[in-house]
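# fold the following for me, if possible:
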Amino acid sequence: MSLLDDVSIVVTPNGYKAGELYAVIPVPSEGAEEVTDGTFPSGTTDWSEGTGWSLVDGYANASSASGELSQSGIDFDTSKRYYIQYTISGYSGSGGVTVRLKGAVWNTGVLRNGNGTFTETILCTAENNIFTFVTSSSFTGSISNVSVKEYTSADMDVTRATAATRVDEDGLVNYAEIVSDTESITNGSFTGVANGTDVITLLRWSAYGTPTSRNVVDNKLVIVQNAANQGARYDTGVLTGNYKFTVDVSGDTGDGSIYIAGTGLNFGINTYVGKVVYYFTASSNLTIYFRAGDNNGGDTTSYTNISLKEVTRDNVPRIDYTGGGCPHILAEPQRTNLVTYSEDFSGYTKSGINIVSNISTSPDGTVNATSLTNTTTGQSHIRTTFVVASTGNYTGTSYIKKQDFDFIYVEFGNAFSWFNISNGTLGNSGNFGSGWTFVNHSIESVGNDWYRISITANNTITGTYNFRPYQPTSANGSYTSGSLGKSFIWGTQVEEGSYATSYIPTSGSTVTRNQDQFTRDGIGSLINSTEGVLFLEIAALANDSTFRQLTLSDGTTANRILVDFTDTSNQIRVFCASGGVSQVSETFNVTSSLSFNKIAFKYKLNDFALWVNGVEVATDTSGITPIGLNKLSFNNGAGSFDFYGKVKQLQVYDTALTDEQLLQLTGESGTDFYESYAEMASALTYTIQ
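Numbering: from 1, shown residues only. Below is the predicted model:
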């Protein structure tokens, strides 16, 4: 018998959208219709109309309504989700309407104050029996085509509310994002435009000064500028939302620039040969100016593949490919990059260093890395400052690429370290002065000869400190370069914490990335509280003396099945509680919690077992199982001890598997099941969006 016959939930790194990570199993399904006469047929008596409501010809019409439109006698079950859909038309711009499941506890949906067809899912947290539309501010409009159905899905809700980066399938550092299919630039690639065409004859293009030429040649806008403030401009029309602007640049003589102006926007982008990427928020009509230079005559720059699309980055789950091979789900704690300019090094304090921006391809795949060339054989370096507001561990990181030097020296507060950026090995380390104690350091290859170097130190005195991410040296332990040459740098970061997390870009201020939260409730029908297996293939981000937990629970800590990394290095634990009483608690030390381990926790009355990497490592023959399991969480079940780490597989089985099956699941052959799930995910209609 295949393990697929017994699995009820499978979550792997596959499809997603903003705020949701799709499960492979089960495929989402809808139950029977819960409301009667949702199309409001003539003569229906199933709806109760409050003040301002009337039912006419298939519509529930509200005229400055202050009362409710409701239907009673519906059996909404506790801990189940309900899929709700309805249409608003004829909205007058006054008030709004919200759906509710009413009873002992009210479960409220989203306020709607416009025309359209709206869908949402609501979790029923108590035995409710009334479905109602609640008005606000004298709602005026019509409601039609109301549908309410029980909804079964293990798709996980994702909350972060900020942008975040990840390593993509090509090994590049970029934002986890969903880019709209709608293009806001017309003819941005100039496909089919005849050579020699003046760009201002095309839709939405207009003149900007009088350059020597601004013609389309071989599907590129070629601007030849003879004085300042010349080129061409593009009018986008009114845009609102977050946008991603990209353009391919060639022939740049060094002064090319793009200027974007609109309400609340007024910024320039110095261009360079390669792909330019920029993010911003728009709330009005935009004018985009394309120039070949700033003040010099004779400059030539070419632009093509000009694109402007709305983008969503908040709450987008991160499918991360760090290390190559199969991806994993990345869950990290909240961190703030205390370095205000992470990619622009022109404002850093420098000594004996010449800085040239946008000169080489960085780990994000664009030509925005900076070259650092020393002008002296002494202690040449660059440095920036950061503010320590509270004492504790801090970690500084940057991406470095060798050209002429094998070693660099890094100072972080009063801690220091040498790194070999030729072969990726660590050198000497320590600390000087007061207040700072060196903790650890690391160097990681990220491809294309780039390394991410990291140094962690503990600080006991608040204040402003220096981070010196680059000082070329001739050897480990040396402070001087001994010769002239250069290296490349990108992506500097300082964060409070005992280990480095994913890169947080900054451009003028500190930036905070919120923690990743994954949870799914209302899935009691998918979890067997009497018996089952929770299987995980996971890795920790660090051994940082904290508990990082994943659970099946009833939404509290009273009833739960738990797997976690404990506050002891390289230790995993499984735990079962029923009715608030501990039933089972077993621990096991793995070789490394930083590597992926396959962990299965079997639970059944007086039959509990822990399997790790193909071996049964603990059993317990005394204990009862939890009650009312209906929630899957990357925490302790009640919102604490969040799981921070990497998840390659998460599966829930509704039976207590046999030893043979558990061996199959957690052993080397378990990879076959991962591949089977990946194939299943690719066949689903809701793959990556």
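# low-scoring stretches of the stretch 251-400 of the chain, by residue?
Low-confidence segments of the stretch 251-400 of the chain (pLDDT under 70): 253-255, 294-297.
# nearest residue to residue 396 in space, please, no chain neighbours.
residue 412 (4.3 Å; C-beta to C-beta, 6 or more residues apart in numbering). Placement of C-beta: from N, CA and C, glycine included.
# now that neighbour, which residues is it bridged with?
Taking DSSP bridges as the rule, residue 412 bridges to residue 415, residue 467.
# isn't it right next to residue 458, touching?
No: with contact defined as C-beta atoms under 8 Å, residue 412 and residue 458 do not form a contacting pair (11.1 Å).
# quick one, which of those two is more surrounded?
residue 412 (27 against 17; other C-beta atoms under 10 Å).
# distance of that one relative to residue 493?
Applying C-beta to C-beta, to the nearest Å, the value for residue 412 to residue 493 is 11 Å.
# which residues do the two both contact?
Common neighbours of residue 412 and residue 493, using C-beta atoms under 8 Å, 6 or more residues apart in numbering, are residue 396.
# for residue 428, see how far away residue 113 is.
Per C-beta to C-beta, residue 113 is found 63 Å from residue 428.
# identify the residues contacting residue 208.
By C-beta under 8 Å, 6+ apart, the neighbours of residue 208 are 229-233, 289-291.
# could these go into TSV alongside distance to residue 43, secondary structure and neighbour count?
Converted to TSV, the contacts of residue 208 look like this (distance: C-beta to C-beta, whole Å; DSSP: H, G, I helix; E, B strand; the rest coil; neighbours: other C-beta atoms under 10 Å):
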residue	distance to residue 43	secondary structure	neighbour count
229	71	coil	15
230	72	coil	22
231	68	strand	26
232	64	strand	24
233	61	strand	20
289	63	strand	18
290	64	strand	25
291	69	strand	27
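# nearest to residue 612 among those?
residue 290 (58.7 Å; C-beta to C-beta).
# identify the residues contacting the closest one.
The contact partners of residue 290, by C-beta under 8 Å, 6+ apart, come to 208, 221, 223, 231-234, 258, 301, 303.
# for it, which non-adjacent residue is closest in space?
residue 231 (4.9 Å).
# now the helices for this structure?
Here the chain has its helices, by DSSP state H, at 659-666, 670-683.
# check those for me: which has the lowest mean pLDDT.
Mean pLDDT across the helices of the chain is lowest at helix 670-683; the value there is a mean of 52.
# against residue 130, how distant is the closest residue in space to residue 55 that isn't next to it in sequence?
Distances taken as C-beta to C-beta, 6+ apart place residue 40 nearest to residue 55, at 5.1 Å, with adjacent residues excluded. Going from residue 40 to residue 130 by C-beta to C-beta gives 17 Å.
# between those two, who's got more neighbours?
The residue with more neighbours, out of residue 40 and residue 130, is residue 40; 21 against 17, by other C-beta under 10 Å.
# re the thing from before, any residues in contact with both of residue 412 and residue 458?
394, 436.
# report pLDDT for the residue nearest to residue 396.
In this model, residue 412 carries a pLDDT of 98.
# enumerate every residue touching it.
394, 396, 436, 455, 457, 467-468, 494.
# switch the cut-off to 6 Å
By C-beta atoms under 6 Å, 6 or more residues apart in numbering, residue 412 lies in contact with 396, 455, 457, 467.
# separation between it and residue 401?
In terms of C-beta to C-beta, residue 412 sits 20 Å off from residue 401.
# same check, this time on residue 651
40 Å.
# more neighbours: which of the two?
Legend: neighbour count by other C-beta under 10 Å for residue 651 and residue 401, higher for residue 651 (27 against 20).
# how close does the nearest residue to residue 626 once chain neighbours are set aside sit to residue 165?
Distances taken as C-beta to C-beta, 6+ apart put residue 559 closest to residue 626, at 3.7 Å, once the chain neighbours are dropped. According to C-beta to C-beta, residue 559 stands 37 Å off from residue 165.
# go on, residue 211?
Applying C-beta to C-beta to residue 211 and residue 165 gives a distance of 38 Å.
# can you give me the neighbour number for residue 538?
So residue 538, with other C-beta under 10 Å, has 25 neighbours.
# tell me the bridge partners for it.
Under the criterion used (DSSP bridges), residue 538 bridges to residue 597, residue 647.
# how about the contacts made by residue 30?
Residues in contact with residue 30 (C-beta under 6 Å, 6+ apart) are 83, 149, 151.
# kindly recompute the last result at 8 Å.
Taking C-beta under 8 Å, 6+ apart, one finds 83, 149-152 in contact with residue 30.
# ChimeraX command to pick out the buried ones of those?
One line in ChimeraX is enough to select the buried members of those, burial here meaning 16 or more other C-beta atoms under 10 Å:
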select :83,149,150,151,152
